[in-house]
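# Give me coordinates for this.
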Amino acid sequence: MTIQQTGLLQPPGQGTSYWFAEDLYTFKAVGEETAEVYTFCEVVIAPQGGGAPPHRHSWENESFYILEGELEFHLDGEKIIATSGMFLHSPKGQVHQFTNKTSLPVKMLVWLTPSGFEKFIAEVGKPVNQVVSGSPLNPIDIEKILNVAPKHGIEIFPPPAEPIS
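This next block holds a predicted model:
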C-alpha cells in the first residue's frame, strides 16, 4: 500500500508471499517500489533442514538479520551459528548457504541490493494464495530452480558432503 509517492507502508501480515520449498518468503518491498534499489523480505525457514543450498549471487548483495531462532550459515566455507539479533552480510560473488538444523522455525529479515531476487522467487516459488503450505522440493522443482537461477544471476552448487562420523 503506497502512502505517498516517496513512502511505502506494509502492515503486519501483508506483502506478496511465496513458498520456496517449505520456507515462506514475504516481500515487504520489491524493485518496482524502490526504484530497483533494493528488495526487502521476511523469511520463515522451516525446521529440520529448511534453508538455501550453497549459492552465490552475481548481481545482489544479501544481508540477513535473525529475528527468532538459530540458523547455521556458511559464508565462503566459514561456519557461523546465527542466533536472534545477529546480522550477516554476504556481498555479491560470495558463496553462502544457510540451514535450519533445529526443531523450531527461524524468522529472519533479508535485504538484497539492488533488487531483482524477488523475480527469481516469483518464478520458482509457489504463491501462498494458490498453495496452503510449502512442501519439500521434488525432482521437477529442483530442475526448474537449476534452470531458472542463471537467468537471475544466481549460481547454485551441490551441498558439501556430510563428514562421516
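# would you say residue 142 is within a strand?
No. Counting by DSSP: H, G, I helix; E, B strand; the rest coil, residue 142 is not found in a strand; it is helix.
# helix, strand or coil for residue 52?
Under the three-state scheme (three-state DSSP), residue 52 adopts strand.
# how many neighbours does it have?
Residue 52 has 19 neighbouring residues, counting by other C-beta atoms under 10 Å. Placement of C-beta: from N, CA and C, glycine included.
# repeat for residue 131
Neighbours of residue 131 under the rule other C-beta under 10 Å: 12.
# And for residue 148?
By other C-beta under 10 Å, the residues close to residue 148 number 14.
# Surely it and residue 119 touch.
No. Residue 148 is beyond contact range of residue 119, at 9.7 Å (criterion: C-beta atoms under 8 Å).
# Now do the shared contacts for these two.
Between them, residue 148 and residue 119 share no contacting residue under C-beta atoms under 8 Å, 6 or more residues apart in numbering.
# ok so residue 109 is a strand residue?
Yes. Counting by three-state DSSP, one finds residue 109 located in a strand.
# That one pairs with what?
Here residue 109 sits in beta bridges with residue 42, residue 65, going by DSSP bridges.
# In this structure it contacts residue 67, no?
Yes. Using C-beta under 8 Å, residue 109 is in contact with residue 67, at 6.4 Å.
# tell me, what's touching those two both at once?
Listed as contacting both residue 109 and residue 67 by C-beta under 8 Å, 6+ apart are residue 42.
# Now for residue 41, how many residues are close by?
Counted by other C-beta under 10 Å, the residues lying close to residue 41 total 23.
# Ok, residue 124 next?
Using other C-beta under 10 Å, residue 124 has 20 neighbouring residues.
# Please shift the residue numbers so they start at 51 in all later answers.
With the count now opening at 51, the last piece we talked about shows up as residue 174.
# if I look at it, how far off is residue 127?
Distance of residue 174 to residue 127, given as C-beta to C-beta, to the nearest Å: 26 Å.
# and the closest residue in space to residue 70 that isn't next to it in sequence, what does it touch?
Excluding the flanking residues, the one nearest residue 70 by C-beta to C-beta, 6 or more residues apart in numbering is residue 175, at 4.6 Å. Shown in contact with residue 175 (C-beta under 8 Å, 6+ apart): 68, 69, 70, 75.
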